[in-house]
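Visitor: What would the 3D arrangement of this be:
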Amino acid sequence: MSSRKQISIAILLLALIVPILAACGGTAATPTSAPAAEQPTAAAATTAPAPEATAAPTAAEQPTAMAAEPTAASGGAMAEGPKIAVEDGAVLRVSSWGNPSEQKVNTDSFARFNKLYPNVTIKYEPQPDNFQTKIKADFAGSTEPDVFYLDSSLMTALAPNDLLLPLDDAMTEAGVKTSDYVGDLVTLFQQNGKTYALPKDQGSLALFINNDIAQKAGVDPASLKTWDDVTAAAKKMTSGDGPAKVYGMCSNADSQRGTAFILQTGNPIIQDNKAVFNQDNAVKAIEWWYGFKKDGTGELFKELGAGWCGEAFAKAKVGMAVEGGWMLPYLADPNNGAQNMKYTAVALPVPQGGQQATLVFTNGWAASARSKYPKAAAALVLYLTSSANQQPILQTGFALPTIKSLLNDPYFDQNPNAKVLAEAPSYGKVADLVFGGPAKKDDVLKPIGDALEQIFSGGADVKSALDQGAQGVDQVLSQ
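Guide: Model prediction:
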């Protein structure tokens, strides 16, 4: 790489870092007593940030929900892991976000890797806070780790500047195929025909139902398959008055909740680089979602003294909530008071004549293109995202797997709620790709979120608010 290009890359990365430093005064906000998601554990995913409008669990903060002993993976490649030729005596610096529980999951993974590659030394350098900012600064100063967590924001910053190691040759040598992974998860980490990371875990949105509240209301959680079913159930599950009132649904104006329901109508969010979430089917979806708040069978979590819907659900202030895999570790955490709660997770209900859909979130493992040991770095990425490593992690309940074959793991026989979430990427859509791609996702989400906030505050009708939001998104897409 020429010195001129190195200088230009450093300038670009520093430009990306400055606004982030201005915005990040400390650790990410999290739900009261919380964990998670982006989150994982009882098969939640330590992945993408939970899509909450306010303080939500984040992947870097998730606790593990249980401490089940890993079971032996069934033989062959799963038990051993992918193997390629690597540099003898390689030393790899590895970094991730994550609390002590997640760091322990990683150190256990490195130990398994070293059984397969005993001549590779790993130096683990976790960065629990401001991870993206630190990685970008490291790249700007040419001090980046060899292998590290990669989310969509880092993919956008690093891949276009040839700073990520392409994994395709190593994948071919190891017999690893993109089709080994469920759904379109790998697509997020591909650019110009190259694969720069592989998904390490995943999360999605589902409908969570409090079994006790449902039973008292005469509602069978397994019967909630359509929008009409859930509307009727919310009315039955709403009871009481004043501060003691229990609502059927936790309402949420978050842009990644409403848009999931829009997708179920077959209406895309963006099409041909233009916002289309204000079309008739989309309007009907948001009218339905807002209907819980409007009819008094749902309430915003902030009005219930909660930091997010998961907290309201854990406190039994609502009978239902639309959340993701990060709920599993959160509800299992004794600190949140819901470890004895009986609940059911079901796929998001669909409208009459609609299609099964949800939003999916993922993060990956990647390597620096400037690593002194590119073969060893690629080998570590392949191993960490393989069934050989994901299977024992699954047994601990820490994260949902991204490998198709693991969807049939016996673990799910005893954990049906996790199974519902694990299967979601097979029909869901990767959130970053739905909202115009990783580079524009955050800017696209803002006008959508603003529109939903106006609707849920009662300050605008659905159609006019979505029209205004679409105009804002079109401005972003035209830049």
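Visitor: drop to CA atoms for contacts and neighbour counts, all remaining ones
Guide: OK.
Visitor: Need the single longest strand in the chain, by residues.
Guide: Once the chain is assigned using DSSP state E, the strand that runs over the most residues is strand 197-210.
Visitor: And that one, how far out from the chain middle?
Guide: 6 Å (C-alpha atoms, centre = their mean, to the nearest Å).
Visitor: Could you number the chain from 6 rather than 1 from now on?
Guide: Understood, numbering begins at 6; the last thing we discussed is strand 202-215.
Visitor: Quick one: name whatever helix or strand follows it.
Guide: helix 216-221 (DSSP states H and E).
Visitor: Tyr432: neighbour count?
Guide: 16 (other C-alpha atoms under 10 Å).
Visitor: sorry, that was for Phe417
Guide: 18.
Visitor: hang on, the earlier thing: which strands or helices does the longest strand of the chain pack on?
Guide: The criterion is 3 or more C-alpha pairs under 8 Å, 6 or more residues apart in numbering; DSSP states H and E, and the helices and strands that strand 202-215 contacts are strand 323-329, strand 348-351, strand 364-372, helix 379-389, helix 421-427.
Visitor: got JSON lines for those, with mean neighbour count and mean pLDDT too?
Guide: Compiled in JSON lines, the helices and strands packed on strand 202-215 are given as follows (neighbours: other C-alpha atoms under 10 Å; pLDDT from 0 to 100):
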{"stretch": "strand 323-329", "mean neighbour count": "28", "mean pLDDT": "97"}
{"stretch": "strand 348-351", "mean neighbour count": "22", "mean pLDDT": "98"}
{"stretch": "strand 364-372", "mean neighbour count": "29", "mean pLDDT": "97"}
{"stretch": "helix 379-389", "mean neighbour count": "26", "mean pLDDT": "98"}
{"stretch": "helix 421-427", "mean neighbour count": "22", "mean pLDDT": "96"}
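Visitor: any chance of the ones you listed in TSV, plus distance to Pro248?
Guide: Output for these, formatted as TSV (distance: least, C-alpha to C-alpha, whole Å):
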stretch	distance to Pro248
strand 323-329	12
strand 348-351	23
strand 364-372	33
helix 379-389	48
helix 421-427	30
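Visitor: Among these, which comes closest to Asn104?
Guide: strand 364-372 (16.1 Å; C-alpha to C-alpha).
Visitor: ok, that closest one: who's next to it in the sheet?
Guide: Using DSSP bridges, the strands paired with strand 364-372 are strand 152-155 (antiparallel), strand 202-215 (antiparallel), strand 434-435 (parallel).
Visitor: most packed of those strands?
Guide: Among the strands paired with strand 364-372, strand 202-215 has the highest mean neighbour count (mean count of other C-alpha atoms under 10 Å), at a mean of 29.
Visitor: what is the mean pLDDT for that strand?
Guide: Averaging pLDDT along strand 202-215 gives 97.
Visitor: and Asn422, how far is that from Phe194?
Guide: 28 Å (C-alpha to C-alpha, to the nearest Å).
Visitor: ditto for Val235
Guide: Distance from Val235 to Phe194, by C-alpha to C-alpha: 36 Å.
Visitor: Next: Leu203.
Guide: 7 Å.
Visitor: shared neighbours, these two?
Guide: Here Leu203 and Phe194 have Gly369 as joint contacts, going by C-alpha atoms under 8 Å, 6 or more residues apart in numbering.
Visitor: Okay, and the closest residue to Ile291 other than its chain neighbours sits in which element?
Guide: Excluding the flanking residues, the one nearest Ile291 by C-alpha to C-alpha, 6 or more residues apart in numbering is Gly263, at 6.1 Å. Gly263 is part of helix 260-269 when elements are defined by DSSP H and E.
Visitor: Just the residues contacting the following helix or strand past that helix, thanks.
Guide: Sequence-wise, the next helix or strand downstream of helix 260-269 (DSSP H and E) is strand 275-276. By C-alpha under 8 Å, 6+ apart, the surrounding residues in contact with strand 275-276 are 281-282, 439-441.
Visitor: mind running it again at 6 Å?
Guide: Residues outside strand 275-276 that contact it (C-alpha atoms under 6 Å, 6 or more residues apart in numbering): Val281.
Visitor: average pLDDT across it?
Guide: Mean predicted confidence for strand 275-276 is 96.
Visitor: circling back to that earlier point, report the separation between the residue nearest to Ile291 and Lys88.
Guide: From Gly263 to Lys88 the distance is 43 Å (C-alpha to C-alpha).
Visitor: ditto for Gln476
Guide: 50 Å.
Visitor: ok, now Ser431?
Guide: With C-alpha to C-alpha as the criterion, Ser431 and Lys88 are 27 Å apart.
Visitor: bridging residues for Gln195?
Guide: Thr200.
Visitor: how many neighbours does it have?
Guide: 16.
Visitor: swap in Gln276?
Guide: For Gln276, using other C-alpha under 10 Å, the count is 13.
Visitor: how much space is there between it and Asn283?
Guide: For Gln276, the distance to Asn283 - C-alpha to C-alpha - is 12 Å.
Visitor: what's the answer for Asp206, then?
Guide: For Asp206 relative to Asn283 (C-alpha to C-alpha), the value is 32 Å.
Visitor: what's the answer for Asp134, then?
Guide: 37 Å.
Visitor: just Ala352 next, same as before
Guide: 25 Å.
Visitor: Then Glu178?
Guide: 47 Å.
Visitor: on that earlier part again, of the helices and strands packed on strand 202-215, which is nearest Gly402?
Guide: Here helix 421-427 is closest among these (C-alpha to C-alpha), at 8.8 Å.
Visitor: Mind giving me the packing neighbours of that closest one?
Guide: Using 3 or more C-alpha pairs under 6 Å, 6 or more residues apart in numbering; DSSP states H and E, no helix or strand is in contact with helix 421-427.
Visitor: which stretch among the helices and strands packed on strand 202-215 comes nearest Asp185?
Guide: It is, among these and with distance given as C-alpha to C-alpha, helix 379-389, at 11.9 Å.
Visitor: the inter-axis angle of the helix or strand following the closest one versus strand 202-215?
Guide: Sequence order places helix 392-401 as the next helix or strand after helix 379-389, per DSSP H and E. Angle, helix 392-401 to strand 202-215, by axes from the mean of the first three to the mean of the last three C-alpha atoms, to 10 degrees: 20 degrees.
Visitor: Give the other helices and strands that helix 392-401 contacts.
Guide: Using 3+ C-alpha pairs under 6 Å, 6+ apart, helix 392-401 sits against helix 81-85.
Visitor: Listing partners with orientation, what would you give for the helix or strand just after the helix it packs on?
Guide: Going down the chain from helix 81-85, the next helix or strand is strand 96-100, by DSSP H and E. Paired neighbours of strand 96-100 in the sheet (DSSP bridges): strand 126-129 (parallel), strand 152-155 (parallel).
Visitor: which residues are contacting strand 96-100?
Guide: Under C-alpha under 6 Å, 6+ apart, the answer for strand 96-100 is 125-131, 150-153.
Visitor: Likewise for stretch 297-314?
Guide: Residues contacting stretch 297-314 (C-alpha under 6 Å, 6+ apart): 36, 60, 239-240, 243, 252-257, 317.
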